[in-house]
Each structure stands twice: as C-alpha cells, then as structure tokens.
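> kindly generate the corresponding structure for this input.
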Amino acid sequence: MSGDSVMWMILFKILLAATIVLVISSGVRSQHQPPNCHGTCSQFPDCDAHCKFIGYVGGKCADTLCCCS
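Reported below is the predicted structural model:
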C-alpha cells in the first residue's frame, strides 16, 4: 500500500467518526429541548391528554399556557 492510500484511509476514518459523533450528539440534544407551549389552559383544559395526543410525553399548565414536553 502506498503512503497516499494509507493517508486517505485514515482521513476517511476520522471523517466517519466525526459524522457519527455529530449525529448522535444532535439526537441527544433534541431530547432535552425546553417544552413547547401550544396554547392556553382554557383552550386545552386537559393539557396532559392534549400533549400526549399530539405525540409528546406529557404536558402541564405553566401559568396560563399548556406546555408539552
């Protein structure tokens, strides 16, 4: 194997490892985002059920807003 091909193989492995780390870290970061508020508690009296229905883990009223997380 020539020196150039070894260098390209090492560079490829470094770039592959960096891509994997970026993909995994962005997935972990997206799980810890602040809750999303979708309306007022008067609009969604059962805030927890509303949030679960639209795909969140749950929800609760924060002041007057129904916030999902």
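
> my guess is Cys37 contacts Cys66. True?
Yes: the pair Cys37 / Cys66 is scored as a contact, 6.5 Å apart, by Cβ atoms under 8 Å. Yep, even glycine has a C-beta here, placed from its N, CA and C like the rest.

> who has more neighbours out of those two?
Each of Cys37 and Cys66 has its neighbours counted (other Cβ atoms under 10 Å); Cys66 has more, 24 against 17.

> got the CA positions of the helix or strand hosting that one in PDB?
Secondary-structure assignment from DSSP states H and E places Cys66 in strand 65-68. What follows is strand 65-68, C-alpha atoms only, in PDB (Å, rounded to 0.1, in the frame of the first residue of the first chain):
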ATOM      1  CA  LEU A  65     -50.100  28.200  29.000                       C
ATOM      2  CA  CYS A  66     -50.400  24.500  28.200                       C
ATOM      3  CA  CYS A  67     -46.800  23.300  27.700                       C
ATOM      4  CA  CYS A  68     -45.800  19.900  26.300                       C
END
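
> list of residues touching it?
With Cβ atoms under 8 Å, 6 or more residues apart in numbering as the test, strand 65-68 has contacts from 35-41, 43-44, 47, 50-51, 54, 56-61.

> for that strand, what is the distance to the chain centroid?
Taking the mean of its C-alpha atoms, strand 65-68 sits 18 Å from the chain's own mean (Cα atoms, centre = their mean, to the nearest Å).

> who does it pair up with?
strand 36-40 (antiparallel), strand 59-62 (antiparallel) (DSSP bridges).

> give the buried residues for that strand.
Leu65, Cys66, Cys67, Cys68 (16 or more other Cβ atoms under 10 Å).

> I'd like these as CSV, with distance to Trp8 appended.
As requested, those are exported to CSV (distance: Cβ to Cβ, whole Å):
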residue, distance to Trp8
Leu65, 54
Cys66, 54
Cys67, 50
Cys68, 47
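
> could you point out where this protein is predicted with low confidence?
1, 25-35 (pLDDT under 70).

> give me that answer again for 50
Scanning the chain for pLDDT under 50 picks out 32-33.
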